[in-house]
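> A structural model of the following input is requested.
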Amino acid sequence: MVYKQIIAMPCGESHFSETQPLSTSSVQQFKSLLEKLEQGVEITIDEIPWIGRLMSNDRDFACTGILISEKIVLTAAHCEENLKEPSFKWKQVGHFFTEERKAELYFKPKNSSLWGDDWSLYKLDQKIQTTSFPKIIPSNSIELKKGTLVSIGYPNNNNSIFKITKCNYLGEGINSKSFVTDCYSKEGMSGGPIFYVDDNGELFLIGIRSGPQSGLFIKNGTREIRSERFLPHIESN
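Numbers count the residues shown, from 1 in each chain. This next block holds a predicted model:
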């Protein structure tokens with residue numbers, strides 16, 4: 001089965017862009033990443049080359065972003081209000097970003113909010129060459145409650161240290177456009193990817209971090225996090 005991602009155009013039209021299967025080396029990279037995570041081994045930024053930060057020019061605000069093509073970054077729509085003249089920063093040496101591209105809002109749903117359609121696309125001024133992109137699948141095509149989820153993001157606005165954790169599906173959100181997890185969350189991690197891990201250890205992008213689910217808490221007192229489904233924007237063929 002081939003999945004096609006709907007890339008929305010500024011004028012409101014859409015065109016389809018096939019999500020190519022990952023190469024064998026990329027799949028092995030993901031398996032290695034999960035094994036390292038389970039064993040407590042440090043994971044380097046080189047193993048997730050498509051993750052980065054969308055940051056305001058004044059450095060006062062940032063969200064996590066995922067590179068889904070050479071010039072398109074996926075993040076949460078609610079980030080837009082505070083992203084002033086943003087740039088996408090990725091690749092690191094130590095705690096310092098070494099690469100940067102100017103970014104501008106390319107598309108977001110008309111009625112986006114923290115409670116639905118909280119996703120947006122930013123277009124970069126120059127292409128980024130990378131070894132792989134995340135593989136996207138519709139989250140309603142798998143049983144989330146039976147699998148492991150992995151969350152990635154950059155906590156705190158000026159922090160260049162990413163956080164990657166295993167977490168669990170807890171239930172559906174207040175509408176069909178979201179689901180709830182117990183993924184670790186801090187300010188700055190909005191827009192970060194939520195992956196589903198299959199039986200072979202391969203990771204699939206099924207949603208992005210959005211906001212807190214009002215009134216729901218897990219046992220240790222941490223607020224449960226609502227994840228925006230990237231579902232309405234993907235079709236299977």
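> Tell me which stretches of this structure form helices.
Here the chain has its helices, by DSSP state H, at 24-39.
> Low-confidence bits of the protein, can you list those?
By pLDDT under 70, the low-scoring segments of the chain are 1-34, 115, 131, 138-141, 157-159, 175-176, 212-237.
> and it, what are its domains?
As assigned by automatic domain parsing, the chain contains the domains 3-15+23-29+44-124, 139-236.
> for the residue positioned nearest the centre of the chain, what are its contacts?
For the chain, Pro193 is the residue whose C-alpha lies nearest the centre (C-alpha atoms, centre = their mean; 2.2 Å). Residues near Pro193 by C-beta atoms under 8 Å, 6 or more residues apart in numbering: 51, 64, 66, 134, 151-153, 205, 207-209. (Glycine included, C-beta is placed from N, CA and C.)
> ok, and for stretch 181-201, which residues are buried?
Neighbour-count burial for stretch 181-201 flags 181-185, 188-197, 201 (criterion: 16 or more other C-beta atoms under 10 Å).
> Let me know the closest of these to Ile174.
Nearest to Ile174 among those: Thr181, at 14.5 Å, using C-beta to C-beta.
> right, and Ser56 touches Asn82 too?
Yes. At 6.7 Å, Ser56 counts as touching Asn82 under the criterion of C-beta atoms under 8 Å.
> So between these two, which is more surrounded?
Neighbours per residue (other C-beta atoms under 10 Å) separate Ser56 from Asn82, with Ser56 holding more: 17 against 14.
> so how far is the first residue of stretch 137-150 from its last?
End-to-end distance of stretch 137-150 (C-alpha to C-alpha, to the nearest Å): 15 Å.
> distance between that stretch and the chain's centre?
When distances are taken as C-alpha atoms, centre = their mean, to the nearest Å, stretch 137-150 is centred 15 Å away from the chain's centroid.
> And stretch 57-69, by the same measure?
Here stretch 57-69 is found 11 Å from its chain centre; the criterion is C-alpha atoms, centre = their mean.
> Just give the closest residue to the residue nearest to the centre of the chain, not the sequence neighbours.
Nearest non-adjacent residue to Pro193, counting by C-beta to C-beta, 6 or more residues apart in numbering: Ile66, 4.9 Å away.
> Can you convert the domains of the chain into TSV and add a column each for distance to Glu35?
Formatted as TSV, the domains of the chain follow (distance: least, C-beta to C-beta, whole Å):
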stretch	distance to Glu35
domain 3-15+23-29+44-124	10
domain 139-236	7
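> Isn't Tyr122 up against Val73?
Yes. Using C-beta under 8 Å, Tyr122 is in contact with Val73, at 4.5 Å.
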